[in-house]
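# Sequence first, then the predicted structure, then my questions.
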Amino acid sequence: MTDKIADLFKDPEHARTYADRPRKIIPGFDGLHRIMAQLLAEASPRRTLVVGGGGGLELKTLIGALPEGRFCAVDPAAEMIAQGKSYLGDPPSVDWVEGYIFDAPEGPFDAATCLLTLHFVPDDGAKLETLKAIRSRLKPGAPFVIAHLSIDKSDPTSDQRFDRYLKFGSDSDMDPTVLKEAHERVRTHLNCVGPDRDEELLREAGFHGVEPVFRGLYWCGWVAYA
């Protein structure tokens with residue numbers, strides 16, 4: 001994660017207003033959460049690892065779908081964890097860890113999620129190490145649902161794809177200035193790769209049964225198994 005992106009999530013105002021933002025800029029956001037919960041529920045997990053879960057959005061869906069479950073939410077920003085606690089009412093079924101996946105308990109966990117997170121991690125070995133660290137904390141056969149922006153920035157068509165993403169956000173009621181700033185951050189600071197590379201990384205990390213389960217413009221999601 002770049003320093004500028006890390007600083008953004010440490011901004012109390014950004015954290016406070018986070019809950020409403022993804023639905024405005026990510027096509028099919030609520031459907032993605034329903035898919036995530038359905039796929040994890042197939043395994044009836046008792047312990048679920050939620051990587052990048054500080055905002056609390058996916059946790060709200062998971063708690064509703066798995067009321068008997070326990071969740072470990074890992075996030076490097078204390079401000080986002082504070083927002084997640086406020087958003088959810090600090091439920092007793094959630095254990096919060098301030099840090100990265102390498103700071104999370106070893107498990108083993110019955111399932112894991114990583115939503116809107118891996119695109120912050122550079123593909124210089126760090127993406128692969130992050131996925132391996134998730135895989136090492138899962139029981140054999142445990143489901144893992146991951147989703148993020150998946151655009152190959154080296155592709156000559158990537159500018160058009162980012163422009164389409166901006167157009168989708170501009171049709172929402174998001175403040176134009178905030179949207180423009182977000183769009184520039186996406187172009188310059190996100191470390192996203194294309195879908196083929198994302199799937200390759202999952203397999204290299206030791207996951208099998210990698211299957212695409214979501215696509216909204218260039219936001220892509222997969223289920224894979226440890």
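Structure received. Numbering: from 1, shown residues only.
# so where does Phe71 fall, helix or strand?
According to DSSP states H and E, Phe71 maps onto strand 70-75.
# Other residues contacting that strand?
With contact meaning CB atoms under 8 Å, 6 or more residues apart in numbering, strand 70-75 is reached by 46-56, 59, 62-63, 81, 84, 93-101, 103-105, 109. The way it works is simple: take the backbone N, C-alpha and C, and place the C-beta from them, glycine included.
# Quick check: next helix or strand after that strand?
Next along the chain after strand 70-75, with elements defined by DSSP H and E, is helix 78-88.
# Can you give me every residue that contacts the residue nearest the centre of the chain?
Nearest to the geometric centre of the chain sits Leu115, at 1.7 Å (CA atoms, centre = their mean). Each residue near Leu115 by CB under 8 Å, 6+ apart is listed here: Leu32, Met36, Gly52, Leu57, Glu58, Val145, Ile146, Ala147, His148, Gly221.
# biggest separation within the residues you listed, which pair?
Farthest apart among those by CB to CB are Leu57 and Ile146. That separation is 15.1 Å.
# These two: which has the busier surroundings?
A direct count of neighbours by other CB atoms under 10 Å for Leu57 and Ile146 places Ile146 higher, at 27 against 23.
# Give me the angle between the strand holding Phe71 and helix 78-88.
140 degrees (axes from the mean of the first three to the mean of the last three CA atoms, to 10 degrees).
# strands paired with strand 70-75, and their directions?
Using DSSP bridges, strand 70-75 pairs in its sheet with strand 47-51 (parallel), strand 94-98 (parallel).
# which of those strands is buried the deepest?
Highest mean neighbour count among the strands paired with strand 70-75 (mean count of other CB atoms under 10 Å): strand 47-51, with a mean of 26.
# Any idea how far it is from the middle of the chain?
Here strand 47-51 is found 12 Å from its chain centre; the criterion is CA atoms, centre = their mean, to the nearest Å.
# try stretch 96-106
Distance of stretch 96-106 from its chain centroid, counting by CA atoms, centre = their mean, is 15 Å.
# ok, how many other residues are close to Asp155?
Residues lying near Asp155 (other CB under 10 Å) number 11.
# Sorry, slip of the keys, the one I care about is Asp103.
Asp103 is flanked by 11 other residues according to other CB under 10 Å.
# That one touches Ala133, doesn't it?
No - using CB atoms under 8 Å, Asp103 is not in contact with Ala133, being 9.7 Å away.
# Against which helices or strands is the longest strand along the chain packed?
Longest strand of the chain, by residue count under DSSP state E: strand 208-216. If contacts are counted by 3 or more CB pairs under 8 Å, 6 or more residues apart in numbering; DSSP states H and E, strand 208-216 sits against helix 29-41, helix 195-204, strand 219-225.
# Alright, calling it a day.
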